[in-house]
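Peer 1: Sequence and predicted structure below; questions after.
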Protein chains: 2
Amino acid sequence: MSSEPDRFVLQYYDVKLFFGRKILREIKPFIQEYKRFGILTGRSSAKISGAYDDVINLLREFDAEYIVYDKISPNPWVSEAEKAGETLWREGVEAVIAIGGGSVIDVAKVASVIASGGGGFKDVFRGRRPRNMMPLIAINLTHGTGTEIDRYAVLTTDDTREKHGLDIRYPTISVDDPVYTISLPKDHTIYTSLDAFYHAYEAATSNYRNIFVETLSREAIFIIRENLPVLLKDLSDIERRAMLLYASMIAGIAIDQSSTHLNHAIEHVLSGLEPRLPHGLGLALTGPRVVYYTHKVRPIESARILRTLDPNIKPLEEDAEKAMRIVKEFQESLGVTQRLEDYGFSENDFKKIYSYLTERLRYLYEDSTPFQISEDIIRDIISSAL
Amino acid sequence: MSSEPDRFVLQYYDVKLFFGRKILREIKPFIQEYKRFGILTGRSSAKISGAYDDVINLLREFDAEYIVYDKISPNPWVSEAEKAGETLWREGVEAVIAIGGGSVIDVAKVASVIASGGGGFKDVFRGRRPRNMMPLIAINLTHGTGTEIDRYAVLTTDDTREKHGLDIRYPTISVDDPVYTISLPKDHTIYTSLDAFYHAYEAATSNYRNIFVETLSREAIFIIRENLPVLLKDLSDIERRAMLLYASMIAGIAIDQSSTHLNHAIEHVLSGLEPRLPHGLGLALTGPRVVYYTHKVRPIESARILRTLDPNIKPLEEDAEKAMRIVKEFQESLGVTQRLEDYGFSENDFKKIYSYLTERLRYLYEDSTPFQISEDIIRDIISSAL
């Protein structure tokens, strides 16, 4: 009658997710089907986390061949995905194994499509998908992006610095082992968790929201609130890591179903212009003010979610200021007190941000955001973060 | 910026679930792929609910041929599934459409396997599955079984009255439209909701429980508690029906992941012996006492779930009596005050029930039940329901 409650397998659309400690070995039957793998990683986290060695040992067990491409950077460029895709194709790999956080897995999604179908990012961006896509195994190392369970990839164009979000493909197999997230440093532990937080909040209040997403979003935010502050006192607390990884995964289902909205779109502009800005931090800077506007038009949905942070929040338009404050105070309690100024932004950048947002990334927020966007609103949101 | 939050599509393992009002038309692309359908229904609910006419109209739009097999009874027998399977095969249908509650959909699951692979129930029971299974479209008419999203089917053997639960197949497409549940009469509205209630409770406390199931189970019980009492005052309240249908669906995912345990096994014995006993009512009769034994060994998991009924329940063994009382009082508040005696059971039946349970249906509870079964415990549970 033994049991491991934080261990499970879930098939969601095209992806079979293996969740739990030391669960990598359960993907063996899948590994056995192929003989030649392409491993994609960033510069260091795959090895530091221990995931790289575990994967190599597994491949060796089956005498599988593999090539390693370990050049993927955080906030990755389109050129990196094209380069990785070409490498996979040239090397004739049969399946890709991405070991990393969102950047690596997202590059692997695009690279696998390019390797399978040829062409370049432009074709992928226009929606071209090969009939038979190379299988993609995602070994996830962070608890934020949700990309291990969703269909999205985020890449920035090299020349124009447009940070695009593509509806591209699910991984074939994903592994969420909390052990691999232990080596995440404190700042990125916070940022990735806040990424999951805003996935949950935005999906639950988006125009595409649904009741299943509400269930998952409420749970994700509750778990983040219960576990993140405790984890920050001991980053190696594996039970808390497991819960945050779980929260981030279900928030990934939430955005897969209902998409994000304005806060994510604005963040794409900001970290597109300044790649040093971590995604989760960027979201936290503008997030509270986006919550304010959202609560005004979706007070019921917003309050249902935020009640997990403060049971006194009311499902009323007049509590919009309070909703903003609750989120802000939660972030401050985690030590998030940075401003956009710290990353070189000023009032002078507003015009650039606004035109970038409305001209190039409109598709990221136009249909999903529950309120009408105006120049004044965007200015107000940016100002609140400066 | 319109939106319908109680409308969504979810692919879970092999089944694509369409949830929402008037959502049937979205399965058109799937209907178009086939030319000859076999429609399975019970005696009346398919027509009363309006689902039958909607399906026929859809098929006519594509000039699809269909045969109708409308003889399936509640608590269906193995012979019915074999007969239905043979009919589907003889008529050369390409896909099955089951319009009904658990009985009809479960018969359709088994019948589709027999039609595709030949043989009889004995082969199916031993685990034989054809490589290519006939597609199965499930139009669900109740909010209890979860069979539209899970892999199980329940059938009773004609001769020995063994009510078996089989791990057989998912539907290919499922439709959960709350409109079709409006015609459920009051008693079955309660019973099917209690079926979902015990799915949630048992899955969340089973030896196979996991954190995803806990999320879904807690939500399901919360929704049942919030919506069922209100619905009973106006059975045509479509919003409440939608929420109960949603709760039942996610409780279906819960048992698909983590299975039920002792309460369901005992109910299989009882309604196997007395098919007049509705499944959900049978669960409610023995349920509170099973909750007592469960809370004793899984106080944390049990309390997390039951807190949605009573926030004062403690995650302590000593609150087992209280856990039992909370569930019992909730059922009584719904008007469930029947006893096993009302269905002809007495103390004299205990030996029969016990040997039936432990000799023939052991597989239904042995690995999943979180406590050790003894004759005394089973006697105590049965006595509590007499």
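Peer 2: Sure thing, it's come through. Numbering: from 1, shown residues only, chains lettered A, B, ... in the order given.
Peer 1: Do a quick rundown of the strands in the stretch 151-300 of chain A.
Peer 2: Ranges of strands within the stretch 151-300 of chain A are A:152-156, A:163-167, A:173-176, based on DSSP state E, counting those that start in this stretch.
Peer 1: Next up, the contacts around the closest residue to chain B within the stretch 51-200 of chain A.
Peer 2: For the stretch 51-200 of chain A, the residue closest to chain B is A:Y170, as judged by CB to the nearest CB, at 9.9 Å. (Each C-beta comes from the backbone N, C-alpha and C, glycine too.) A:Y170 sits next to A:12-15, A:149-151 when contact means CB atoms under 8 Å, 6 or more residues apart in numbering or on different chains.
Peer 1: So which residues on the stretch 51-200 of chain A come close to chain B?
Peer 2: Proximity of the stretch 51-200 of chain A to chain B (CB under 8 Å from any CB of the partner chain) involves no residue at all.
Peer 1: and the nearest residue to A:R240 once chain neighbours are set aside, how many neighbours does it have?
Peer 2: Distance criterion CB to CB, 6 or more residues apart in numbering or on different chains; nearest residue to A:R240, sequence neighbours excluded, is A:L231 at 3.9 Å. Look at A:L231: counted by other CB atoms under 10 Å in any protein chain shown, it has 24 neighbours.
Peer 1: same deal with A:Y363?
Peer 2: With other CB under 10 Å as criterion, A:Y363 counts 11.
Peer 1: Which pLDDT value belongs to it?
Peer 2: Note for A:Y363: predicted pLDDT of 95.
Peer 1: Then the one 3 residues further on?
Peer 2: The pLDDT attached to A:E366 in the predicted structure is 96.
Peer 1: And the residue of the stretch 51-200 of chain A closest to chain B, how close does it get to B:Y354?
Peer 2: Using CB to CB, to the nearest Å, we find A:Y170 at a distance of 48 Å from B:Y354.
Peer 1: on that earlier part again, filter the contacts of A:Y170 down to the buried ones.
Peer 2: A:12-13, A:15, A:149-151 (16 or more other CB atoms under 10 Å in any protein chain shown).
Peer 1: So which of these are in strands?
Peer 2: A:12, A:15 (DSSP state E).
Peer 1: For the residue in the stretch 201-350 of chain A that chain B sits nearest to, give me its contacts.
Peer 2: The stretch 201-350 of chain A approaches chain B most closely through A:N210 (3.9 Å), counting by CB to the nearest CB. Contacts here follow CB under 8 Å, 6+ apart; on that basis A:N210 touches A:257-258, B:4-8.
Peer 1: what sits against the residue lying closest to A:G144 once chain neighbours are set aside?
Peer 2: Distances taken as CB to CB, 6+ apart place A:T192 nearest to A:G144, at 2.7 Å, with adjacent residues excluded. A:T192 sits next to A:101, A:142-145, A:184, A:248, A:280 when contact means CB under 8 Å, 6+ apart.
Peer 1: Same list (these) but as CSV, adding neighbour count.
Peer 2: Converted to CSV, the contacts of A:T192 look like this (neighbours: other CB atoms under 10 Å in any protein chain shown):
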residue, neighbour count
A:G101, 28
A:T142, 30
A:H143, 33
A:G144, 32
A:T145, 28
A:L184, 25
A:S248, 30
A:G280, 27
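Peer 1: Now the phi/psi pair for A:G20, please.
Peer 2: phi 140, psi 170 (degrees, to the nearest 10).
Peer 1: Contacts only, for the residue lying closest to it once chain neighbours are set aside.
Peer 2: Nearest in space to A:G20, with sequence neighbours left out and distances taken as CB to CB, 6+ apart, is A:R7 at 3.1 Å. By CB under 8 Å, 6+ apart, A:R7 lies in contact with A:19-21, A:23, B:210.
Peer 1: quick check, nearest of those residues to A:Q338?
Peer 2: Set against A:Q338, the nearest of those by CB to CB is A:F19 (31.9 Å).
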